[in-house]
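> compute the structure for the input listed below.
(2 chains)
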Amino acid sequence: MLGAQCHAVRVRLTGPPVPDRTLAERLSAAGPWRLWVDDVPAGAAEPLAERRLDAEMRRPAAGVRCVLLRYADGEADLVVVADRDRLDRGGLGALTAMLAGTRPAGPCPAPEADRVARPAEGPAPDWGRGEPGSSRHGTYHLDLPQEPGGGPGLLTAALALTLSRYDGHGATEGVTVAGPGGIAREITVDPAATLADLRARCESAPVRVDRPVTAGLLDGSGPDGPAGDDYLPLLAPAFPLTTVLVPLPDGGSRLWFSYLRSHFSPEAVEQFARHLARVYALSARAPQSLVGDADLLDPAERDRIARLGRPHGDVAAAGISLLDAFRRAVSATPDAVAVSDGDVSLTYRELDDRGTLLAAGLRAHGVRHGDRVGVCLERTVELVVTMLGVLKAGAAYVPTDPAYPVDRLAWTASDAGLRVVVTRLPEFPRGDGTTALTPGGLLEAAPDRPSAPEVAPGPDDPAYVIYTSGSTGRPKGVVVPHGNVVSLIAATRDPYRLGPGDVWTLFHSGAFDFSVWEIWGCLLTGGRLVVVPYFVSRDPEEFRDLLVAEQVTVLSQTPSAFSQLLRVDHAGLPVRLVVFGGEPLDSRMLLPWFDRHPEDTCRMVNMFGITETTVHVTAQTVTRELALAGSRSVGPALPGWHLYVTDTHGRPVPPGVTGEICVGGAGVAGGYLGRPDLTAQRFVTDPVTGGRMYRSGDLGRLLPDGRLEHLGRIDSQVKIRGFRIELDEIRSVLLEDPGVRAAAVVVRRDDPDDPAAARLDAYVVPAEGLADLPGIRKRSAGLLPGHMVPSTVTAVDALPLTTNGKLDTARLPAPSRSSAAPRQPAAGSGAAAGLPEALLEIWATVLGTPVGLDDDFFELGGNSLFAVRVSAALRARDLPSLPLRDLYRTPTIRALTEGV
Amino acid sequence: MRLKGKTVVVTGAARGLGRATAVACAAEGADLMLLDLCADLPEVPYPLGTAGQLAHTAALCRKEGSAVATAECDVRDLRSVEAAISRAEDRFGRIDAVVNNAGIAAPSGKPAHEIGEDEWALMIDVDLSGAWRVIRTVGKAMSARRSGSIVNIASTAGLVGYRHFAGYVAAKHGLIGLTKAAALDYAPTKVRVNAVCPGSVRDGTEVEGRMLAEIARALDVPVSEHEQAFVEAQPMNALIEPEDVAAAVVFLVSDDSRQVTGSVMTVDGGFTAR
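Below you'll find the model as predicted:
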């Protein structure tokens, strides 16, 4: 962009009018430039004149352009636009002074600074929220007071620090910043260093000429020269985000920004500018404070961000137990059907009675208030009765799935300290004093006249303990109190108009907390709960028939289950609300549904949730528009739930910046059963309310409108060669390929000490028969940025899973390479070997793998760093170097050498 | 403001369609380099645009808020074209679009065998080669910038024949050929070349046009009779207004037409549709 080299100044000509000819003479004395005169048919203060002036100021010049704008009221402006190569800020000031007659005419001083280097354009950062494809650019500025020791050096350090914070959670590698002169340096932002150290380090940081640059600064300093509103330091960004520090006459400075709209929104730049200015001031005033202690946010902004994460403000806690809430539903519609399973159904009153009876049976077996009772039953009416009975006995239920391996059942029973387990599983492990009882047996064991429980459970008493698998270690029991569930239903009842007319499914295992939502969402709002037997839940045609037969209105689904349903004819479904949970939703998959079920007949709601915060946290109504845009938003927090996104130090990050999702408010669980250390680590103090807050270990961004973007687990994000890479994103692109049924992506570092050796390996399970592996890779290369394209794609029959159902990377095979057999160098090769032979040898050495003439450099694991090494090796042998560009165009040795 | 920030060069801008086009571009936010010969040619039997008319077009454009520069330019002379384009680049930094509007309608009004060698050469030199000289001058820089729009003002005479206008018809047919070939030349670099074919355009007083009057004179019929004949010949039974043609040009200059190249857009009330 031509304007990236240019700056502009305006001078209002005052005093007696100077003839054009005099101006032209003064101009030609200063340099080989001509004067353009343009009449503006409006007074200087009129909008048309202002528009003309603004356009003239922003019009780049190849060298120096001087335009005299003569207004209708006799006023006149001189506009000088100059390439920084021809005139620097001082030169521009000298020229305008000569033209205005306040300095004797003569040659303009030559610029002091060298030509600005132009590194490659860096990628658009996630936080920038730009408009991809836009060719526009924007400007922004804010004025800073005079700071001791201020200047471009300090600004470079402040820019590095601010960028590293914006880079987001866990960004440990250095940030690349272009400093004065456009020289890109890789600056390591060490939190333990002082701000003064960081500044000193910036000057000696390693230069990275081949590194793309997203943000940098130009030197606008120097005491003399134009300043303020009459001076535009840049007509287009030199780097996607370029900042210039221009001294102001009052001793302060103007912090000037020019940026690409494709990379940044005006709001994002404004926010970044505010934080940069804050860090700059801090670095000047408290140079001995630690980098890690620098806080981008002031208290007011922190409050504002906190409010953003709780858009519904303070919501009073429900303050009652699940049983109290259920009792209200019973008394509202005692004779309505509460739960049904085929021919079996119970009204609310019958369900209540059965629960009371079962509770009596449990008490007869010694179950007391505060106990935990195992529930290991298939989805049946009996399961619901049992859960209710456990609560009525004053205990918390610990659901497990009868399909779990016996070892896991035994482990859970022991970990939860279960003395009583309600199950029909004859093989339920009995040990350590665990008694297994059937629901029928319990009902029979109940005394004839059930008595009220000794102590009715309160809102803070545990209602259930659900075991979740972490990425590491054994499953842990999450203890969830009664009040949390009541709050969840209170938060959703009105927005989703949940009520007695609704028919819900019980689709999910009792051991999966999505069922907590299904059961209590229905039973606390007077709906009818339809049990979906296991085999129906696995057969989309049968499931569809059930939904139609039972006239189900509220359907809760994981996206993967729903995608099965989408494969069968779903036109006649009476569903009015679909709630997604359990997994990230790719909203594009909903388009076929919207074709049959317009938004005004069925609402689609994506809820992001965590077991530790009571099933759900946020809700986003997905529209066709959002689905077409492939929206990743999971929406704002539910009423009563609070969202925070924090950095590694637990501080809130600015809106739009990636950090760890933390959840406070009504849904925070009691902790992990019997794991005080882990509980203390993950359940911390809510910085705003002083209550408790759960650190999720998930990455996200809180958008400026209060909606959350969920970005996956912290541990699935990696950084390769400075690029942050989300493995799930690569995986989802692979999965979109019709030839791929399942996929996994792993990072491999053959040499842990060599960052260039890091490589992405993809594994796919072909949809049918043989996979077109090069085709799959090629397709992903068309959709992903280069640094995210897997180096290898390997077909496997199935992805190896750990017992917790997660990918077992250790059991993946070594990646296959589509490499042809390496050809031997031609006979007689040696010192006089030709270029192809030399390249074969060099590639093989650099890439650490045999190489053939037709092998694709990048498919062999090559990347830009390896390419630089190839160039170095060629130079070392006095062979012609190969431009990187050629390598990208023609990545095989045969094609490369044919072109030489 | 569909042309905000664009610089448009218009040849033959002193009056007529050149003026209408320049003002329409100005109203859409463009800055303008206005070129005209500003002189008469001895072979052309009617007065051509003047420096005063060119200055008036410039004033009309400035009123719309445009930055305007003017220059005298003879499209028959490559060096004159190069100087004018270089001046435009100097003033505006770059050229986003060129409207090749300069052209002459006469000497005409006789059968082909009566056209003199010089008369024939002049018609081709101005109406066809003039546009090519401008394209030759701007094509390289536009290609290098991978952006640009060239609009050639042809005529329905570029699509059908008119009796006693062999030179004009041949030149305008040639201009459409040039449009299509150049469109293919520059398509890889995203530079677009299109033609607009006006039907019979009213000689509006505001634009000081005189095309219809000169054609009538060449055919030796009264202007009103000639206009009437055209109105009856056009399926929509109306003369084309200069603004109608300018609107088509604005579309082709603007990014709205970013996938339109090599096209021939008629603004002729359906005249060539049958």
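
> elements contacting the helix or strand of chain B with the lowest mean pLDDT?
Within chain B, no helix or strand scores below helix B:211-219, which has a mean of 86 by mean pLDDT, DSSP states H and E. Helices and strands touching helix B:211-219, by 3 or more Cβ pairs under 8 Å, 6 or more residues apart in numbering or on different chains; DSSP states H and E, are helix B:223-233. (C-beta placed from N, C-alpha, C; glycine too.)

> buried residues, the helix it packs on. List them.
The neighbour-count check on helix B:223-233 (16 or more other Cβ atoms under 10 Å in any protein chain shown) flags B:226-227, B:230 as buried.

> show me what the helix or strand just after it is packed against.
Once helix B:223-233 ends, the next helix or strand along the chain (criterion: DSSP states H and E) is helix B:242-253. If you count contacts as 3+ Cβ pairs under 8 Å, 6+ apart, helix B:242-253 packs onto helix B:16-27, strand B:97-100, strand B:148-153, strand B:191-198, strand B:264-267.

> just the buried residues of the longest one, please?
Neighbour-count burial for helix B:16-27 flags B:16-27 (criterion: 16+ other Cβ under 10 Å).

> related to what we said a few turns ago, closest to chain A out of the buried residues of helix B:223-233?
Of all these, chain A sits closest to B:Glu227, with 34.2 Å by Cβ to the nearest Cβ.

> endpoint to endpoint, stretch A:595-607 covers what distance?
End-to-end distance for stretch A:595-607, by Cα to Cα, to the nearest Å: 22 Å.

> domain assignment for chain A?
If you go by automatic domain parsing, the domain ranges for chain A are A:2-100, A:126-226+A:242-296, A:637-714, A:721-811, A:835-899.

> ok, is the shortest one in contact with chain B or not?
Yep, that's domain A:835-899 we're talking about. No: on the criterion Cβ under 8 Å from any Cβ of the partner chain, domain A:835-899 is out of touch with chain B, staying 15.9 Å away.

> centre of the chain to that domain, how far?
Computed by Cα atoms, centre = their mean, to the nearest Å, the chain-centroid distance of domain A:835-899 equals 36 Å.

> in the stretch 1-150 of chain A, which ranges drop under the pLDDT threshold?
Residue ranges of the stretch 1-150 of chain A with pLDDT under 70: A:1, A:113-117.

> alpha carbons of stretch A:287-295, in PDB - could you do that?
Extracted in PDB, the C-alpha atoms of stretch A:287-295 (Å, rounded to 0.1, in the frame of the first residue of the first chain):
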ATOM      1  CA  PRO A 287       9.800   0.800  35.700                       C
ATOM      2  CA  GLN A 288      10.800  -1.400  38.600                       C
ATOM      3  CA  SER A 289       7.400  -3.100  38.800                       C
ATOM      4  CA  LEU A 290       7.100  -6.600  37.400                       C
ATOM      5  CA  VAL A 291       5.900  -7.400  33.900                       C
ATOM      6  CA  GLY A 292       3.600 -10.100  35.400                       C
ATOM      7  CA  ASP A 293       2.000  -7.600  37.700                       C
ATOM      8  CA  ALA A 294       1.100  -5.100  35.000                       C
ATOM      9  CA  ASP A 295      -2.700  -5.000  34.800                       C
END
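
> can you list the neighbours in contact with it?
The contact list for stretch A:287-295 (Cβ atoms under 8 Å, 6 or more residues apart in numbering or on different chains) reads A:149, A:161, A:189-199, A:279, A:282-283, A:649, A:651.

> mean confidence score for the one helix or strand B:Val8 maps to?
Using DSSP H and E, B:Val8 maps to strand B:7-10. Per-residue pLDDT values across strand B:7-10 average out to 98.

> adjacent strands (with direction) for that strand?
Its sheet considered, strand B:7-10 pairs with strand B:31-36 (parallel), strand B:97-100 (parallel) by DSSP bridges.

> closest to A:Val390 out of the domains of chain A?
domain A:637-714 (15.6 Å; Cβ to Cβ).

> now do the most centrally placed residue in chain B against A:Val870, distance only.
Nearest to the geometric centre of chain B sits B:Asn101, at 1.7 Å (Cα atoms, centre = their mean). B:Asn101 sits 55 Å away from A:Val870, going by Cβ to Cβ, to the nearest Å.

> same deal with B:Ile176?
From B:Ile176 to A:Val870 the distance is 52 Å (Cβ to Cβ).

> which one's the longest helix in the chain?
I'll assume chain A. When chain A is parsed with DSSP state H, its longest helix is helix A:266-285.

> chain B is the one I meant
Assignment by DSSP H gives helix B:166-186 as the longest helix of chain B.

> would you mark the buried spots in that one?
Buried, per 16+ other Cβ under 10 Å, within helix B:166-186: B:166-176, B:178-180, B:182-183, B:186.

> contacting residues for residue 198?
You didn't pick a chain, so chain A it is. The neighbours of A:Leu198, taking Cβ under 8 Å, 6+ apart as the test, are A:157, A:160-161, A:187, A:189-190, A:283, A:291.

> can you look at chain B instead?
Taking Cβ under 8 Å, 6+ apart as the test, what B:Pro198 contacts is B:17, B:153, B:155-156, B:240, B:244-245, B:267-268.

> at 7 Å what do you get?
Counting by Cβ atoms under 7 Å, 6 or more residues apart in numbering or on different chains, B:Pro198 makes contact with B:17, B:155, B:240, B:245, B:267-268.

> now these as a markdown table including pLDDT?
Below are the contacts of B:Pro198 laid out as a markdown table (pLDDT from 0 to 100):
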| residue | pLDDT |
| --- | --- |
| B:Leu17 | 97 |
| B:Ser155 | 97 |
| B:Ile240 | 94 |
| B:Val245 | 97 |
| B:Val267 | 97 |
| B:Asp268 | 96 |
